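*Asks:* model the structure of this input:
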Amino acid sequence: MKNQLLLLFLAAGLILCGCSNTELPPETENQETLVQNSQEICLFENGEPLYTLVRPAKGSDVVSDAASLVWKTFANSFGCELPFTDDWTEDVSSLPADATEILIGNTNRTASSEITASLGENLYRITCEGNRIVIAACADSQLQAAAEAFLHVVTVDENGRITIPADLDLIYSAKDAWPHEDIPYYEGGSYCGVTATQSLGWAKENPSLFVGISDTNAEEFAAYIQMLADDGYTLLQRSDTNGITAYQCDKEEISLYAYYTAATNEVRIIREKGKSVPIEKFGYTYEPKEGETTDVFLFGLRMLQAELDYTENYKNNGQFLFIKLADNSLLLIDGGSRGKQNDTTPSQVDFDEFLRIAREVTGTPENEKIRIACWFITHCHADHYSSFRTYFYENPDLFTLERVMYNLYDGEGTDVSNDGFNKYHPDALYHKPHTGETIQLGNLKMEVLYAQEDWYDASTMLPASEEVNDSGTVIKIHFDDKSFLVLGDLDKYGADTLLKYYPTEVLKSDIVQIAHHGYNQIRNLYEAADAKIGLVPQAYSRMTTQPQLTSIYNSLTENFEELYYAGEETVGVQVVDGELQVFYRSPVVYKPVYD
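*Replies:* As a prediction, the model looks like this:
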């Protein structure tokens, strides 16, 4: 997955050494020489590649990623499939001195090793040594930026002929690649020179940008925050506990969110360009009155059952939970999977059943709209939002949608279109949650423990795992002296990051939503949470009969006193005399027809 990502990057302030922009010479017949004239080198002509891409045989994954970026860009954007190999050879000295190679990383070629050794801290270089093109960096973490900088100087003419300047010699520093001309540079740590973009939802036309800083410390982060204050930014501290120090930083039209994680000595800085409203405007407070309760529900979904053949229609494991707040509004968490009319994957959500339960538990009459205080989407996969996305669009007269909250990766065709929200629920507020925030929603306190940015390796700005499920947002919801840990589809990397970021007492919870429909073995996280109740978005029959699930089922029974399954029933839990108790149960009705 991560090798498929082309992170958008525009280098600013390049140090150009003799590189000129010149008009391409006219085409000649039967051209065979590599250097067409003193001004350009041809890499591809007449349908044939003239260069081979070479990476170190023993290079890191980061080097492989950078080399793959070059190869895939040539193949997919330039129409040229370069020969691609590593640098292994029995005798390096036997290689032709004039070999036509694009060397990326510290290969065993002399040109690579000498140029790499010559680079100072945070520098990277793209240059030509004879017929060899060298893409080098002082550290592997900066090779992605070097590769992207190389791609920016490639020219493709109308005949598909691919060239670069023959006198190419570009030297970059990380500071040159800083993407924000109007935002102070982070002095300290290591910035790899790559900027990631986030363009989903409200930010689609004006994407957010974020960068990571590795090998930094609390003092350097504090100095940067002070630099922002001196530059006129208004600072609002979001967190200074449990190893997370976070600030919202605003100046005129600039909105930054910056946070430091003590466990990893990393800083992440997000520049929001969308319509995310600050938590002060997004949230609200409510003091429960005597007799008012807060109820947590795992909503029953029709799912593939081991003993019912026709439930194959419902094999896509969705997830839908909701909380009734003390003020009788609802917090929706995800929203199940929805198929199309006459499709073989009908909606897993029985909306009539949801309406019945929602009106019952909130006391909302038939002629009034159900109040949705917030809809929170954990991550980008459609089985977690597509049912309610469509339902909200098709039934605006049934609901008042006040808020929407998500921070979603947009690399897998995610379709959370805000056009529908703007059309049917134009007053709904949107907030993009970030690690370190605490959001007050009525009588609920929602802590953001992990978000999409934590999925990215701060030293390379590439996803740290191939599982997009690790891009989700993890929140811990506090109510009535109890807590509920919402994990979405979190996988091993995300679970390990939570365990790395936080002491056990932060992860300790009373209720846990079991991650990824029971498929992911993240036992260490469940042990740290040490919860009484586990809510499983899966069918019991599958958990107990499918080989890939039974071992996880066995460990869940050891970690939780009580387990409830969405494939069987809707379950409601509330606090009674200081203890969590199940007070509501309604079985899922299975029908062998599309509904």
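*Asks:* what's the end-to-end length of stretch 559-567?
*Replies:* Its first and final residues considered, stretch 559-567 spans 20 Å by CA to CA, to the nearest Å.
*Asks:* again with stretch 367-383
*Replies:* Start-to-end span of stretch 367-383 (CA to CA) is 30 Å.
*Asks:* check which residues of that stretch are buried.
*Replies:* Within stretch 367-383, the residues that qualify as buried are 370-383, counting by 16 or more other CB atoms under 10 Å. To be clear about C-beta, it is placed using only N, CA and C from the backbone, and glycine gets the same treatment.
*Asks:* so which of those residues is the closest to Lys508?
*Replies:* Set against Lys508, the nearest of the buried residues of stretch 367-383 by CB to CB is Thr378 (20.5 Å).
*Asks:* tell me the pLDDT at the residue lying closest to that closest one once chain neighbours are set aside?
*Replies:* Using CB to CB, 6 or more residues apart in numbering and skipping the chain neighbours, the partner closest in space to Thr378 is Gly488 (3.0 Å). In this model, Gly488 is scored at 97, pLDDT.
*Asks:* heads up, I number from 837, so please use that
*Replies:* Got it, the first residue is 837 from now on, which makes the last one we talked about Gly1324.
*Asks:* what about Gly1324, how many residues close to it?
*Replies:* Using other CB atoms under 10 Å, Gly1324 has 28 other residues around it.
*Asks:* what's the pLDDT at Thr1180?
*Replies:* 48.
*Asks:* again with the one 10 residues further on
*Replies:* In this model, Phe1190 is scored at 92, pLDDT.
*Asks:* with Glu917 instead?
*Replies:* 93.
*Asks:* how many neighbours does it have?
*Replies:* 13.
*Asks:* quick one: it and Ala911 touch, right?
*Replies:* Yes: if you go by CB atoms under 8 Å, Glu917 and Ala911 touch, sitting 4.9 Å apart.
*Asks:* coming back round to it: and the residue nearest to Thr1214, how close does it get to Glu1116?
*Replies:* Distance from Gly1324 to Glu1116, counting by CB to CB, to the nearest Å: 26 Å.
*Asks:* repeat for Trp924
*Replies:* 58 Å.
*Asks:* the residue nearest to Thr1214 reaches Gly1308, doesn't it?
*Replies:* Yes: using CB under 8 Å, Gly1324 is in contact with Gly1308, at 3.8 Å.
*Asks:* list residues touching both of those two?
*Replies:* 1214-1215 (CB atoms under 8 Å, 6 or more residues apart in numbering).
*Asks:* okay, now the nearest residue to Thr1070 once chain neighbours are set aside: neighbour count?
*Replies:* Closest residue to Thr1070 apart from its sequence neighbours, by CB to CB, 6+ apart: Asp1086 at 4.9 Å. Neighbourhood size, Asp1086 [other CB under 10 Å]: 18.
*Asks:* without its sequence neighbours, what residue ends up closest to Asn1395?
*Replies:* The shortest distance from Asn1395 to any non-neighbouring residue, by CB to CB, 6+ apart, is to Tyr1362 (4.4 Å).
*Asks:* and for Phe1187?
*Replies:* The spatially closest residue to Phe1187, leaving aside those adjacent along the chain, is Tyr1227, at 6.0 Å (CB to CB, 6+ apart).
*Asks:* any stretches of the protein with poor pLDDT?
*Replies:* 837-874, 1034-1042, 1110, 1142-1152, 1175-1182, 1247-1256, 1427-1431 (pLDDT under 70).
*Asks:* ok, which stretches of it are helices?
*Replies:* Using DSSP state H, the helices assigned to the chain run over residues 897-912, 946-954, 979-988, 1054-1066, 1115-1118, 1187-1198, 1222-1230, 1254-1260, 1288-1291, 1328-1337, 1340-1343, 1359-1365, 1376-1381, 1383-1395.
*Asks:* which residues touch Ala935?
*Replies:* Ala935 touches 888, 967-968, counting by CB under 8 Å, 6+ apart.
*Asks:* what sits up against stretch 1309-1322?
*Replies:* By CB under 8 Å, 6+ apart, the surrounding residues in contact with stretch 1309-1322 are 1130, 1132, 1157, 1159, 1167, 1169, 1212, 1214-1215, 1242-1243, 1269, 1279-1288, 1323-1324, 1326, 1330, 1334, 1342-1349, 1365, 1367, 1411, 1414, 1416.
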